[in-house]
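[1] Build me a model from this:
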Amino acid sequence: MSLCQGKSSWPELVGATGEDAAATIEKENTLVDAIIVKEGTAVIENFSCKRVWVWVNCDGIVISIPQIG
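    The predicted model follows:
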């Protein structure tokens with residue numbers, strides 16, 4: 001069981017644009033903020049039920065499964 005409420009992982013969004021993925025994530029779980037991050041960028045590593053990192057490549061395409069964290 002997840003510590004966080006609502007949907008927590010979006011494997012179906014790998015290959016989508018970051019913008020479309022972020023919009024879908026925030027629509028499917030209104031308790032989170034989806035944050036688009038370019039691969040190679042440093043991010044804070046603390047866990048948060050209110051955040052989903054959306055990792056994209058240089059073309060803005062999602063490269064890994066977005067999940068709460």
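
[2] Grab the nearest non-local neighbour of residue 13.
    Distances taken as C-beta to C-beta, 6 or more residues apart in numbering place residue 21 nearest to residue 13, at 4.2 Å, with adjacent residues excluded. (Each C-beta comes from the backbone N, C-alpha and C, glycine too.)

[3] Let me see the contact set for that neighbour.
    Taking C-beta atoms under 8 Å, 6 or more residues apart in numbering, we find residue 21 in contact with 10, 13, 34, 36, 54, 62, 66.

[4] Tabulate those residues (TSV), appending secondary structure and distance to residue 47.
    Formatted as TSV, these follow (DSSP: H, G, I helix; E, B strand; the rest coil; distance: C-beta to C-beta, whole Å):
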residue	secondary structure	distance to residue 47
10	coil	17
13	helix	20
34	strand	16
36	strand	19
54	strand	16
62	strand	21
66	coil	15
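
[5] if we can go back for a sec, can you tell me the SS state at the residue nearest to residue 13?
    Recorded secondary structure, residue 21: helix (DSSP: H, G, I helix; E, B strand; the rest coil).
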